[in-house]
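A.B. asks: please work out how this folds:
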Amino acid sequence: MLHGPLLSKIILFALPLMVTSTLQQIFNATDVAVVGQFAGSQALAAVGSNSPIINLIINLLIGLSMGANVVIANYIGQGRKDRIKDTVHTAILISLIGGVAFGVLGIFVSRPMLVAMGSPDDVIDLATLYLRIFFAGLPMMSLYNFCSSIMRSKGDTMRPLIALAISGVINVGLNLLLVAVFHMSVAGVAIATVTANTISAIMLVVMLVKEEGEFHLDFRKLRLHRDHFKRILQIGVPSGVQGMVFSLSNVFIQSAVNSFGSAAIAGSSAALTFEYFAYFALNAFVQTAMTFTSQNYGALEMKRCRDVYLRCMICGVIAVVICNSAFFFGRVFFIGLFTDSAEVAEWGYTRMACVLIFQWIALSYEVSAAAMRGMGHSTLPALITVIGTCLLRIAWVFTVFPKSHSFELLMHIYPITWTVTGIAMLIAYFVIRHKEEERIALYSLMRADL
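C.D. replies: I've put the predicted structure just below:
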């Protein structure tokens, strides 16, 4: 990451991330497809309506794991192997504590959250069951995210892909067995998901235990090293809170979708699946931008930081446009994978037309925010996202949407907030980058004088 041509390295780093996330979404889509085909539209709606809540918690954990990624990558750029070792053990302990805490909390608040979202009476019992089983497996999901983040900080994106591919195949097999054969409906899908997450987490833990050098994991050395813990939280907490608030805004949107009934919930959930596919293609270059920027910033290579930003932005836009175009023009086939109901399908087509084809705009703020985090600035991009995206979406749900109660109008808030947040984030990025370049130039002059 610190030397030589960037474009080929960025692509080689991002592709496994993209494949990993795409495989993960394929397995998640299989969950939805299996339950929709073998357990009916109500079960499909129950699984789909949980997505905003699940993403709310996952985004917090992913945000914290980003903190570990940035801190370790900075130390790699600085050549501080001693600090890398302590940070690895601090990060693993954070993952376990956070996973258990949020898992237990989630089990108790599952039904109240669904009630607050206005889940229909014919869906809420199944949705609660699914959510509680999911939260029971949250510690393993948290552990997987932190382990993969640690590996990504040094450029290793292949081993998390291998672990996910193996566990994903097991997930699909368990889905078919528990839902299609044993008729366990949403409980079967949830159990399969938790089992797969546990397997993938164990695989990555074993890999880190067998690792040599500063990335070797020794459970006897797990402790919260104060300095590293503080740095991880400084980067990770704003990112995690941003993700939570972002998902919270989608909870309000999901509540508005719920007002159209179970067919709309099912159709919207099916279309949302393909937005996730495109997001993970986008996120591969976002993670790449953050990791490459972190290492080069640690090495005081600001020119390479600029080059990383530009290449990740261009590659990300190309990837998302290609992905979303394929889904949109093939929407009849793709939505048909989830349902044979014409009514459900129409809701899905509408969401695709209003949201999916504009998703590339999100690169403007996602890559910019990632680059700022790589330079150690996490609070500002979090605030911009919370205000420009989250609060604006919530305001839209409570002010504009009730006036017409139109599904199309509800969906239009996505491209609107992407555009508003993108403009603000681009301005912030260029200001921060200019200040960092001036600071590093001054630091270099002082060192030369000495």
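
A.B. asks: let me know the distance separating Ile314 from Ile361.
C.D. replies: Applying Cβ to Cβ, to the nearest Å, the value for Ile314 to Ile361 is 14 Å. (C-beta placed from N, C-alpha, C; glycine too.)

A.B. asks: typo on my end, it should be Ser95
C.D. replies: Counting by Cβ to Cβ, the gap from Ser95 to Ile361 is 32 Å.

A.B. asks: ditto for Ile97
C.D. replies: Taking Cβ to Cβ, one finds Ile97 at 37 Å from Ile361.

A.B. asks: compare Ser95 and Ile361 and say which is more crowded by neighbours.
C.D. replies: More crowded of Ser95 and Ile361, by other Cβ atoms under 10 Å: Ser95, with 26 against 18.

A.B. asks: how many neighbouring residues does the closest residue to that one other than its chain neighbours have?
C.D. replies: Distance criterion Cβ to Cβ, 6 or more residues apart in numbering; nearest residue to Ser95, sequence neighbours excluded, is Phe146 at 3.6 Å. Neighbour count for Phe146, taken as other Cβ under 10 Å: 30.

A.B. asks: residues contacting Phe146?
C.D. replies: Counting by Cβ atoms under 8 Å, 6 or more residues apart in numbering, Phe146 touches 61, 64-65, 68, 91-92, 94-95.

A.B. asks: please identify the helix or strand for Phe274.
C.D. replies: Per DSSP states H and E: Phe274 is located in helix 262-298.

A.B. asks: quick one: buried residues of that helix?
C.D. replies: Going by neighbour count (16 or more other Cβ atoms under 10 Å), the buried part of helix 262-298 is 262-298.

A.B. asks: angles on the backbone of Phe182, please.
C.D. replies: Main-chain dihedrals, Phe182, degrees, to the nearest 10: phi -100, psi 0.

A.B. asks: ok, Thr90 touching Leu224?
C.D. replies: Yes. Using Cβ atoms under 8 Å, Thr90 makes contact with Leu224 at a distance of 5.6 Å.

A.B. asks: and the two? Which one has more around it.
C.D. replies: More crowded of Thr90 and Leu224, by other Cβ under 10 Å: Thr90, with 24 against 15.

A.B. asks: what sits against the more buried one?
C.D. replies: Applying Cβ under 8 Å, 6+ apart, the residues near Thr90 are 68, 223-225, 228-229, 232.

A.B. asks: can you say which of the residues you listed are buried?
C.D. replies: Here, 16+ other Cβ under 10 Å leaves 68, 225, 228-229, 232 buried among these.

A.B. asks: dump those into CSV; add secondary structure and pLDDT as well.
C.D. replies: Output for those, formatted as CSV (DSSP: H, G, I helix; E, B strand; the rest coil; pLDDT from 0 to 100):
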residue, secondary structure, pLDDT
Ala68, helix, 88
His225, coil, 88
His228, helix, 87
Phe229, helix, 87
Ile232, helix, 87
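
A.B. asks: just say helix, strand or coil for the closest residue to Tyr279 other than its chain neighbours.
C.D. replies: What sits nearest to Tyr279 in space, not counting adjacent residues and going by Cβ to Cβ, 6+ apart, is Gln359, at 7.2 Å. Using DSSP: H, G, I helix; E, B strand; the rest coil, the structure places Gln359 in helix.

A.B. asks: same check on the one 3 residues further on?
C.D. replies: Assigned state for Ala362: helix (three-state reduction, three-state DSSP).

A.B. asks: got a list of what it touches?
C.D. replies: 279, 282, 320, 418, 422.

A.B. asks: gap between it and Asp122?
C.D. replies: Going from Ala362 to Asp122 by Cβ to Cβ gives 34 Å.

A.B. asks: with Ile265 instead?
C.D. replies: To Asp122, Ile265 is 11 Å away according to Cβ to Cβ.

A.B. asks: swap in Arg304?
C.D. replies: Distance from Arg304 to Asp122, by Cβ to Cβ: 56 Å.

A.B. asks: the more surrounded of these two?
C.D. replies: Remark: of Arg304 and Asp122, Arg304 carries more neighbours, 19 against 13, as counted by other Cβ under 10 Å.

A.B. asks: skipping adjacent residues, who's closest to that one in space?
C.D. replies: Sequence neighbours aside, Asn296 is the residue nearest to Arg304 in space, at 4.4 Å (criterion: Cβ to Cβ, 6+ apart).

A.B. asks: my guess is the one you found meets Gln78, correct?
C.D. replies: No. Contact criterion Cβ under 8 Å: Asn296 and Gln78 do not qualify, at 11.2 Å.

A.B. asks: the worst-scoring helix or strand of the chain on mean pLDDT vs helix 262-298, what angle?
C.D. replies: Ranking every helix and strand in the chain by mean pLDDT, DSSP states H and E puts helix 41-49 at the bottom, with a mean of 74. Angle of helix 41-49 versus helix 262-298, following axes from the mean of the first three to the mean of the last three Cα atoms, to 10 degrees, is 30 degrees.

A.B. asks: what about Gly4, helix or strand, and which?
C.D. replies: In the assignment (DSSP H and E), Gly4 maps to no helix and no strand.

A.B. asks: burial of it, as a residue count?
C.D. replies: Burial measure for Gly4: 7 neighbouring residues, criterion other Cβ under 10 Å.

A.B. asks: and for Leu60?
C.D. replies: When neighbours are counted by other Cβ under 10 Å, Leu60 comes out with 23.

A.B. asks: what does Leu178 give?
C.D. replies: By other Cβ under 10 Å, neighbour count at Leu178 equals 20.

A.B. asks: what's the answer for Lys9, then?
C.D. replies: 18.

A.B. asks: and if you look at Leu204?
C.D. replies: Leu204, neighbours per other Cβ under 10 Å, totals 23.

A.B. asks: distance of the closest residue to it other than its chain neighbours from Val100?
C.D. replies: Spatial nearest neighbour of Leu204, excluding adjacent residues (Cβ to Cβ, 6+ apart): Cys147 at 3.7 Å. Cys147 sits 16 Å away from Val100, going by Cβ to Cβ.

A.B. asks: what residues does Ala353 make contact with?
C.D. replies: If you count contacts by Cβ under 8 Å, 6+ apart, then Ala353 has Phe328 around it.

A.B. asks: next, the angle from the host helix or strand of Met140 to helix 262-298.
C.D. replies: Under the criterion DSSP H and E, the helix or strand holding Met140 is helix 138-153. Counting by the same axes, to 10 degrees, helix 138-153 points 40 degrees away from the direction of helix 262-298.
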